[in-house]
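> The amino acid sequence is not available; the structure is as follows:
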């Protein structure tokens, strides 16, 4: 019961695969491609999920905004003093944010004002954030900096709601794990923000509510809704769940469509494996005649399948990784991403874990290995005496 | 020399495609006995059943009826798994077509029969090199087999047949593709092995082989039956 | 049901396993009907060759099954974010009544197909294949188990509704809750510890006895103590072992130890437990086959070897689960 036997058979399998490099290269290429596609879908959907998670990690447990005629309205700051009195609420903060369409670069930016807690967790690549009441200064994301060809110390201008130009000094540039989150960001002081968008006094975009105990968030949300029927509280958990479901569902859908391609590949592999060439049959006959047992041939075929799968798996998964994290999943990001296509350039945070690799293997390698069983067996029962007859 | 019976067949019959229109009785009711250390020739034209008989003795295929005893053990009903064990431990094979594996080196071809055993690769290689050395093939051991001459190929197959240190060597028409010189060389190697105590079984219709005086048993076959048994000594 | 990559992988996987086991069983029926080891007919030869196919079908099915147990737990963990109130795999498995039964069915399938392979291994050692009838009857018996497993899993995934509030390890295994999980977590720690270590000792003593002389009372006792130790071990992991890994007196989850945060310690833990228990149980299971004279010698050797595997598995498992109690400052005294 040593392992030498298995090592010897593996040795011979490698030797005989190398001899037939060209016979297997086709199947390896196709399989690599299959793994590349499936892997890209998986990586992409997981990195989106993770981006969403990173964004939401530091966000408040509840966000409340006002609804009017089914549409999002500015929220009254006067709600704050009622909300803070609800038991379990630790802090209420107004938030000021919105979008800015820049006709020069034809891109949408997210504009945000510095609240107390906003961006406390974000790291700046260089520089600092504008002070609360500091005039005409801004911190911008890398995407904006790239699009406008500007750097720290430069100035840039935005058009305010009344048509006049407002000039800002760049005091900081963002760097975070997640570029999706800050690439298009422009952070201004509260007073500058209100001037830029002409927001009336006593209003905020929405309110951020922090609770002492996360599990009570639902109760707090219910009370806010009772107190202010025109408000809509959104739980952070709900947002995470929605992101997860949307990305999971989308990637699942694409995967399902792709199962067809996988099946086609399996048929190809089956065909290739069953069509045992005369030379190969002869070779198996020789091996059996000189003392190899049927189960030894089966083992050889098993190694063969495993070597082919792993030879395809490694480049496939590396290519998928490069595709998603270095080339922004250029092949099919539009199908999986939900938001604006005219979004500034971004780079996804590389994220890969054991589970993704295991899932990828389960979807690709297992069906392939299973499809080799019958052909391997057929090859293995070649009769040894064919070498005597022929 | 001991008189231990190493192989015995009792009413051995092999029918291909039994109960079908193309039924062929390849071997018909053959009963022979072979002693340890014998040099045996199965003589007869092609289609006489000598190759089929040899493959049944070599545990490659089972007889349709009758028994075959190898070293006293009935192998005729053994499942393939156990037939292989006996084949691997007892027999060395030399085929008409050489049947070396192309693209693989001489040494590895020789090592092949023992790959599926728990022998250490380094030990196995040493053993193979030793055998090749004895056959004067040490300079060719890393050559791919397809680049060998006919005589070298023949010696490689002999080395492969010897790797498991078999009691019995089976050779099917070994001289069919060799010129006279090489055939003589082959036979002298076989003679040497016989003198080491191995039992040699050769199926042939080449007079060069069966006219050698050290052959002590000639079994003549025709139409699947034993026509004549000539024992010497 | 929603189209999550892990769910797709598991559904395809269980379909494949079902297909493999079904074809193996169909071949098994044919072999059972026509088998005649004495015959030299072409048919017998072709049946013999089919036995090779059956055994690789089952072997591949088993290896896929092992992967699927881990993938299933991982997937349950991954989808907990979709389920309100679920905080880990336990919460996801509780999302409907099929979650835990699926996991149990997977564990049963694992044990049954592994024993089939073990019996097949023994059978192939004897020239007349004496266990062939038992073997193929057992194989037919595996079919409903695998079928049930696939059905349960499918039901589980079909009935996952991302809006149902589920309990999670925080509530299911918290001491106030109800149900089987909670009653395990609230078992008193000291008596559980004593039971755990006494059964471990009994198992080891029997294991050593069998490895010296594989004879009757010890072989059966090893099987029984292995089975009991398995049950007690699972209870112990929930009751106290996991707590030492999490360093939290209230976190009773048997799955989180498979996560990166705990250095994947769950893998060696469960693998050593499952393999040790499997070999321990098999020692007694094959005891009756000693009556077959051709197998007697093989069985004695095998029992000797398997009892060693059982000892090694149990010792590794015990070391891993004891290590944090000894090495880490965390203590459960007073809880």
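Yep, it's here. What you are looking at is a predicted structure, and each value in this text was computed from that prediction instead of being measured. Numbers count the residues shown, from 1 in each chain, chains lettered A, B, ... in the order given.

> ok, the residue nearest to the spatial centre of chain C - contacts?
The centroid of chain C falls nearest to residue C:107 when counting by CA atoms, centre = their mean (4.0 Å). Residue C:107 makes contacts with residue C:69, as judged by CB atoms under 8 Å, 6 or more residues apart in numbering or on different chains. To be clear about C-beta, it is placed using only N, CA and C from the backbone, and glycine gets the same treatment.

> and it, that one's in a strand?
No: the assignment for residue C:107 is helix, going by DSSP: H, G, I helix; E, B strand; the rest coil, so no strand is present there.

> Kindly state the pLDDT recorded for it?
In this prediction, residue C:107 carries a pLDDT score of 93.

> by contact count, what packs against the strand or helix carrying residue A:27?
In the assignment (DSSP states H and E), residue A:27 maps to helix A:21-57. Helices and strands touching helix A:21-57, by 3 or more CB pairs under 8 Å, 6 or more residues apart in numbering or on different chains; DSSP states H and E, are helix A:179-182, helix A:236-274, helix A:294-325, helix A:333-336, helix A:354-371, helix C:5-34.

> how about 10 Å then?
In terms of contacts (3 or more CB pairs under 10 Å, 6 or more residues apart in numbering or on different chains; DSSP states H and E), helix A:21-57 is packed against helix A:4-19, helix A:179-182, helix A:236-274, helix A:294-325, helix A:333-336, helix A:354-371, helix C:5-34.

> any chance of those in JSON lines, with mean pLDDT and distance to residue B:205 too?
Formatted as JSON lines, the entries for those read as follows, by pLDDT from 0 to 100; distance: least, CB to CB, whole Å:
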{"stretch": "helix A:4-19", "mean pLDDT": "90", "distance to residue B:205": "35"}
{"stretch": "helix A:179-182", "mean pLDDT": "59", "distance to residue B:205": "82"}
{"stretch": "helix A:236-274", "mean pLDDT": "71", "distance to residue B:205": "39"}
{"stretch": "helix A:294-325", "mean pLDDT": "93", "distance to residue B:205": "33"}
{"stretch": "helix A:333-336", "mean pLDDT": "56", "distance to residue B:205": "73"}
{"stretch": "helix A:354-371", "mean pLDDT": "88", "distance to residue B:205": "47"}
{"stretch": "helix C:5-34", "mean pLDDT": "93", "distance to residue B:205": "41"}
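
> Return the most buried member of the ones you listed.
Across the helices and strands packed on helix A:21-57, the average number of neighbours (mean count of other CB atoms under 10 Å in any protein chain shown) peaks for helix A:179-182, which reaches a mean of 23.

> Show me what counts as buried in the helix or strand following that one.
The first helix or strand that comes after helix A:179-182 along the chain, using DSSP H and E, is strand A:185-188. For strand A:185-188, the buried set under the neighbour-count rule, 16 or more other CB atoms under 10 Å in any protein chain shown, comprises A:185-188.

> Looking at the residues you listed, spot the one nearest residue A:263.
Checking the buried residues of strand A:185-188 against residue A:263 with CB to CB, the nearest one is residue A:185 at 44.2 Å.

> Count residues in the vicinity of the closest residue in space to the closest one that isn't next to it in sequence, would you?
Distance criterion CB to CB, 6 or more residues apart in numbering or on different chains; nearest residue to residue A:185, sequence neighbours excluded, is residue A:141 at 4.0 Å. Counted with other CB atoms under 10 Å in any protein chain shown, the burial measure for residue A:141 works out to 26 neighbours.

> Please report the distance of the residue nearest to the centre of chain C from residue C:270.
Using CB to CB, to the nearest Å, one obtains 10 Å as the distance from residue C:107 to residue C:270.

> Now for those two: what residues contact both?
Taking CB atoms under 10 Å, 6 or more residues apart in numbering or on different chains as the contact definition, residue C:107 and residue C:270 share the neighbouring residues C:69, C:234.

> so where is the chain shaky, pLDDT-wise?
You didn't say which chain, so I picked chain A. Residues of chain A meeting the criterion pLDDT under 70: A:1-2, A:55-58, A:114-126, A:175-182, A:243-250, A:257, A:271-275, A:332-349, A:390.

> I was thinking of chain B, sorry if that wasn't clear
Low-confidence segments of chain B, defined by pLDDT under 70, are located at B:1-2, B:232-233.

> wait, what's in contact with residue A:168?
Residues counted as contacts of residue A:168 (CB under 10 Å, 6+ apart) are A:130, A:135-140, A:154-158, A:186, A:188-189, A:192, A:196.

> Look at it and give its secondary structure.
Reduced to three states with three-state DSSP, the structure at residue A:168 is strand.

> doesn't residue A:156 make contact with residue A:138?
Yes: between residue A:138 and residue A:156 there is a contact at 7.9 Å, judged by CB atoms under 10 Å.

> shared neighbours of the two, anything?
Between them, residue A:138 and residue A:156 share the neighbouring residues A:144, A:166-170, A:186, with contact defined by CB under 10 Å, 6+ apart.

> Please identify the helix or strand for the residue nearest in space to the middle of chain B.
By CA atoms, centre = their mean, the mean C-alpha position of chain B lies nearest to residue B:170, the distance being 1.1 Å. Using DSSP H and E, residue B:170 maps to strand B:168-172.

> circling back: residue A:138 and residue A:156: which has the busier surroundings?
With other CB under 10 Å as the criterion, residue A:138 and residue A:156 differ in neighbour count, and residue A:138 comes out ahead with 26 against 19.

> and the more buried one, how far is that from residue A:163?
For residue A:138, the distance to residue A:163 equals 20 Å [CB to CB].

> repeat for residue A:362
With CB to CB as the criterion, residue A:362 and residue A:163 are 58 Å apart.

> Would you point out the helix or strand in chain C whose mean pLDDT is lowest?
helix C:169-172 (a mean of 44; mean pLDDT, DSSP states H and E).

> List the buried residues of stretch B:95-106.
Of the residues in stretch B:95-106, those buried (16+ other CB under 10 Å) are B:95-101, B:104-106.

> Just the ones of the contacts of residue A:168 in strands?
Here DSSP state E is the test, and those give A:137-140, A:155-158, A:186, A:188 as lying in strands.

> Keep these, but drop any that are not near chain C.
Among the ones in strands among the contacts of residue A:168, proximity to chain C is found for none (CB under 10 Å from any CB of the partner chain).

> for these, which one is nearest residue C:260?
Nearest to residue C:260 out of the ones in strands among the contacts of residue A:168 is residue A:139 (CB to CB; 33.7 Å).

> my guess is the closest one meets residue A:130, correct?
Yes: the pair formed by residue A:139 and residue A:130 meets the contact definition of CB under 10 Å, at 6.3 Å.

> Mutual contacts of these two, please.
When contacts are counted by CB under 10 Å, 6+ apart, residue A:139 and residue A:130 are jointly contacted by A:114, A:168, A:170-172, A:187-188.

> Spit out the contact partners of residue 33.
Because you didn't say which chain, this covers chain A. Applying CB under 10 Å, 6+ apart, we find residue A:33 in contact with A:261, A:265, A:312, A:315-316, A:319.

> Wait, chain B was what I had in mind.
Neighbour list for residue B:33: B:5-10, B:69, B:217, B:229 [criterion: CB under 10 Å, 6+ apart].

> Take those residues and, keeping just the buried ones, write it as a ChimeraX select command.
This is the ChimeraX syntax for the buried subset of the contacts of residue B:33, where burial follows 16+ other CB under 10 Å:
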select /B:6,7,8,9,10,69,217
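
> Show me which residues of chain B are close to chain C?
For chain B, the contact set with chain C under CB under 10 Å from any CB comprises B:13-20, B:61-66, B:73, B:75-83, B:85.
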